[in-house]
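Novice: have a look at this prediction, sequence included:
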Amino acid sequence: MFFSGLAFAELASLFAVAGGVVVLLYILKLRRRTVAVPFAPLWERILRDKDATTLFSRLKRLLSLLLQLLLLALLVFALGDPRAVETLLQGRTFVVLIDASASMQATDVAPSRMGAAKEQAKKMIRGMGGADRMLLAQMDAMVTPLGPMTGDTADLERMLDRVHVTDARADFPRALRFATDSLRGASEGEVVVISDGALGEARDASGAVSMGAAKLVFVPIGNAARNVAITQFSVRRYPLDKSRYEVMIEVTNTGPEEEQIELSLIGDGQVVDMTKLKLRPAERLPRFYPNLSGASRTLEATLVPLEGSVDVLAADNHAYALLPERQRAKVLVVTEGNTYLEAALLLDEYLEVTEVTPKKYPEKSSERWDVVVFDRVTPTELPKAHALFLDPRGPGAPVKVDVELKQPGFDKIDRKHPIVRHTALDDVNIALGHKLIAEPGDKAVGVSEGASPILVAGTRKGYKFVALGFDLRDSDLPLRIAWPLLVLNTVNWFTGEDSNYLSSFRTGDIWRIPVVAGAKEAIVKLPAGATERVPVHEGRAVLLGLYAGFYELSVGDEKTPFAANLIDEAESAVAPMDKLLVGGKEAGQLGGFKVGVRREIWIYVLLLVVLLTALEWATYHRRVTV
Amino acid sequence: MGLLDRVVAGWRARSAVAQGDDELFDDEFQRKLDYLALISRRVFAGRMRADRRTKKSGSGIEFADYRAYQPGDDFRYLDWNIYQRFDRLLVRLFEEEEDLAIYFILDVSASMGFGDARKLRYAKKLCAALAYVGLANLDRVCIVTTTNQVLGRMPDTRGKARIFKVFRFLKETRPGGTTDLGEALKVFVAQHKRRGLAVLVSDLYDPSGFERGINVLRYNKFDPFVVHVIDPAEGHPKLTGDVLVYDCETGDEREVTVTAKVLERFAQAHLGYLHSIERFAATHQVPYIAADMNIPFEELILRVFRRGGFLR
């Protein structure tokens, strides 16, 4: 036993002073209330009998004094905060990782898996020993410690209240690394994982996570697995008819029983399609909605379980998408006349095309156009707009035009580049072309035999350019479907419109969203309505997306909406795990927590004081001790 | 108990008595007295004044006893038949007919004025009522107030019309002083040579023993009649906790921690005291009436009449 509060000498002094006061007060005789009686001898008769018990009365008074002194001694003892020596030596250190991934929203246990997890954590906190310390951390797409490592149960319970579930998957390896790092140097370290077990393998880019000396404990949560989820949701406009779009939805029954659902597709708040589906256990059901129109901006897919079906996780019943915004692009075509080019540009009704001859090219005011197409001409200097150069020649070309190539071809194509998406350029026949010399940072999208680039994309002074190293008329490219696609892809790439625009972000990822140049900070409005400030790095707002829904990113007056979805089959597979394996070893079970048993002795001492006081009060008022 | 406290308590008791006495003998009370006098006549019909006799031999017509002739005795009362038969001179004694002397000995000690002096008021009413009945029956009525001495005395009087004198006397009576019936009644018997009915109206809270006073009356050939004024509330005082009780007469103090058990024992002691008085009266054939204040005084007066002894 040792005192972690006041020292023994201080306690002794305190007791001596306070005890002296108590004894003094006891010795002082209280002034009694005087009462007249008509015939005192009657009282004396009964007091004569009472005198026989005077010794007992004195004893009772003495007992009363002793009781007061005992109460005082207990209070002084409590002030010393006595602790058992064992608690000093055997304090444990816990890092509790509370799974806050989307699957913890499942309601198979009341009120939810997250609620049950918090309850488990609360039991642990209340069952901690006096010398135990705990660090609470929320585990979702990242790991967030909720406070410092402490033994203060009130603080820990307050921290626990701050745990909130997200729509993201859990980054288990990162959380484990955080936990083991936190326990480094601590003896009796334990990592407690409170989760439904859908955590995946504890391995990241650095390899398998090693627990070191720390003990791993798993507290399983959840008991049911019936769930239907939207596991894919993709939307895109047609490249050649951007007023129409197509949607692909994949619905998966991750549960063990057949389920019936109603799947709705909602565009701009209006129901576009509604279908009832029946899914067998573990069945994936893709649904394709071609040629849709009507929605201009938002799309939402929603599934609702029908009667008799169960869906314990609601978070994966919704998917959101934003259609790319249509912008009317101004295109200036500088040409002596090119029917193929004109035809290709006519395909997109959102393009506002102006055609001028090279002599009338307004070189000084090129910034009025979004895109300038130079057909076999080259300006004296680069325009202040995105530019497509067809067979560039002369000093104003963005790339240096080198030697003439006879019968070049697209022998090597960078198929990932957006300007060649959906195109087939491999067998294009070209009679004559020129080798383009790309500068560092430029991308040689199409390269002919002998490492001779003939299609180069890049950026000059903040404006994008694409240079095609041959004349269209010297090839059969204009006769192919690839030609208008190449032109429209290029214009879309220039204007930021991507026909394969990623209609939504995925929760749990770090999102990098382009913002206007020069911004250092952006404000993002979350689906729930709250706003957050996010940093801008290299022209992109960077944030970790944790919730599904529609967002709006604001930089000044410019607002950029975007959508985010959970679309994570692993999270939707809500079947709880009984075991947790890390490095082939199974996590242990929780033990050593006795709820309601505190190792701070002063609490029990105070309880005893209260009990004795109540006893004294009761006996006094029943005239037992007086 | 400080002196000031006691003075204040005494002053309160006195002012309570003064206030109460103003309405003590109002018209309503007098009407009740007339009613009681009427009732008393019905109860004692045929035993009115002409039938009252004393044990004093005298000039009456009813034979009482014999005694030996002594020189100087009236020859007319010699029983010659006895002389002829036994050769002894015996004188015939006759009971003398006379009016009865009724003494009301009213205890006015501080204990009678305890609290709001309701005991004393009740005692005064009893006194007045019984005195009225006596006066109406042409008895000689005398009222004496005592504590540890004889304080006041209303001289013998007779006739119903003198009741107002009784009222005046009783109204002027104030409580105070300690009780010592023994000493007070010794003075009383010394002052009153004519024997008669001595109605002692008291709470009998006598530290030196209530028996002494009654015995003084008995030993001096008075016919004691005890009207014991009892306030039942005194057996159940509203006390609790640590108190210092003091006797309102003697000022004796005693520390008491009042508990339910103590109160219970006190009630038993009080009851025991009442029983001891009753037992004494029964043992010594002293007419005794327990005047419980919860009983209306008219009913009590009738009870006194029925008990007998008050009017013979």
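Specialist: Structure's in. What do you need?

Novice: for the rest of this, base every contact and every neighbour count on C-alpha atoms.
Specialist: OK.

Novice: and the contacts of the helix or strand containing residue A:155?
Specialist: If you go by DSSP states H and E, residue A:155 is part of helix A:153-161. Under the contact criterion Cα atoms under 8 Å, 6 or more residues apart in numbering or on different chains, helix A:153-161 has outside partners A:118, A:121, A:122, A:125, A:126, A:128, A:134, A:136, A:146, A:147, A:150.

Novice: what values do phi and psi take at the fourth one?
Specialist: This points to residue A:125. As for residue A:125, its main-chain torsions (degrees, to the nearest 10) stand at phi -60, psi -40.

Novice: can you report how many residues neighbour it?
Specialist: The tally of other residues near residue A:125 (other Cα atoms under 10 Å in any protein chain shown) stands at 26.

Novice: roughly how far does it sit from residue A:431?
Specialist: 79 Å (Cα to Cα, to the nearest Å).

Novice: what residues are up against the closest residue to chain A within the stretch 1-150 of chain B?
Specialist: Using Cα to the nearest Cα, the closest approach of the stretch 1-150 of chain B to chain A is made by residue B:111 at 4.9 Å. Neighbouring residues of residue B:111 by Cα under 8 Å, 6+ apart: A:38, A:39, B:175, B:176, B:178, B:203, B:205, B:248, B:249.

Novice: over to residue A:527?
Specialist: If you count contacts by Cα under 8 Å, 6+ apart, then residue A:527 has A:547, A:548, A:549, A:550, A:551 around it.

Novice: now with 10 Å, please.
Specialist: Residues counted as contacts of residue A:527 (Cα atoms under 10 Å, 6 or more residues apart in numbering or on different chains) are A:547, A:548, A:549, A:550, A:551, A:552, A:563, A:564.

Novice: for the first one, helix, strand, or coil?
Specialist: Right, residue A:547. Of the three states, residue A:547 takes coil under DSSP: H, G, I helix; E, B strand; the rest coil.

Novice: state the distance from the nearest residue to it once chain neighbours are set aside to chain B.
Specialist: Leaving aside its sequence neighbours, residue A:547 sits nearest to residue A:167 (Cα to Cα, 6 or more residues apart in numbering or on different chains; 4.7 Å). Using Cα to the nearest Cα, to the nearest Å, residue A:167 is found at 69 Å from chain B.

Novice: how about the helices of chain A, start to end?
Specialist: In chain A, the helices defined using DSSP state H lie at A:8-27, A:40-51, A:54-79, A:85-89, A:113-126, A:153-161, A:172-182, A:339-346, A:482-495, A:569-572, A:601-621.

Novice: where among those is average confidence lowest?
Specialist: Here the helices of chain A differ in mean pLDDT, and the lowest is helix A:85-89 at a mean of 59.

Novice: where does pLDDT dip in chain B?
Specialist: B:1-24, B:37-62, B:95-99, B:306-312 (pLDDT under 70).

Novice: can you list the domain ranges for it.
Specialist: B:25-47+B:99-307, B:54-97 (automatic domain parsing).

Novice: mind putting these into CSV with distance to residue A:270?
Specialist: Converted to CSV, these look like this (distance: least, Cα to Cα, whole Å):
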stretch, distance to residue A:270
domain B:25-47+B:99-307, 82
domain B:54-97, 128
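
Novice: from those, which stretch is densest packed?
Specialist: Of all these, domain B:25-47+B:99-307 carries the top mean neighbour count, a mean of 19, counting by mean count of other Cα atoms under 10 Å in any protein chain shown.

Novice: in terms of helices and strands, where is residue B:262?
Specialist: helix B:260-283.

Novice: ok, that helix near chain A or not?
Specialist: Yes - interface with chain A: helix B:260-283 contributes B:260, B:261, B:262, B:263, B:265, B:266, B:267, B:268, B:269, B:270, B:272, B:273 (Cα under 10 Å from any Cα of the partner chain).

Novice: check the offset of stretch A:368-381 from the chain's centre.
Specialist: 45 Å (Cα atoms, centre = their mean, to the nearest Å).

Novice: and for the residue of the stretch 401-550 of chain A found nearest chain B, the neighbour number?
Specialist: The stretch 401-550 of chain A approaches chain B most closely through residue A:530 (65.8 Å), counting by Cα to the nearest Cα. For residue A:530, the tally of surrounding residues (other Cα under 10 Å) stands at 8.

Novice: same deal with the one 10 residues further on?
Specialist: A count of nearby residues for residue A:540, using other Cα under 10 Å, gives 20.

Novice: give me the domain ranges for chain A.
Specialist: According to automatic domain parsing, the domains of chain A span A:2-83, A:87-223+A:576-598, A:228-326+A:568-572, A:329-495.

Novice: and the first one, does that touch chain B?
Specialist: In other words, domain A:2-83. Yes - for domain A:2-83 and chain B, the contact criterion (Cα under 10 Å from any Cα) is met by A:30-47, A:49-50.

Novice: what's the span of that domain, first residue to last?
Specialist: End-to-end distance for domain A:2-83: 6 Å, by Cα to Cα.

Novice: that one: how far from the chain's middle?
Specialist: Computed by Cα atoms, centre = their mean, the chain-centroid distance of domain A:2-83 equals 63 Å.
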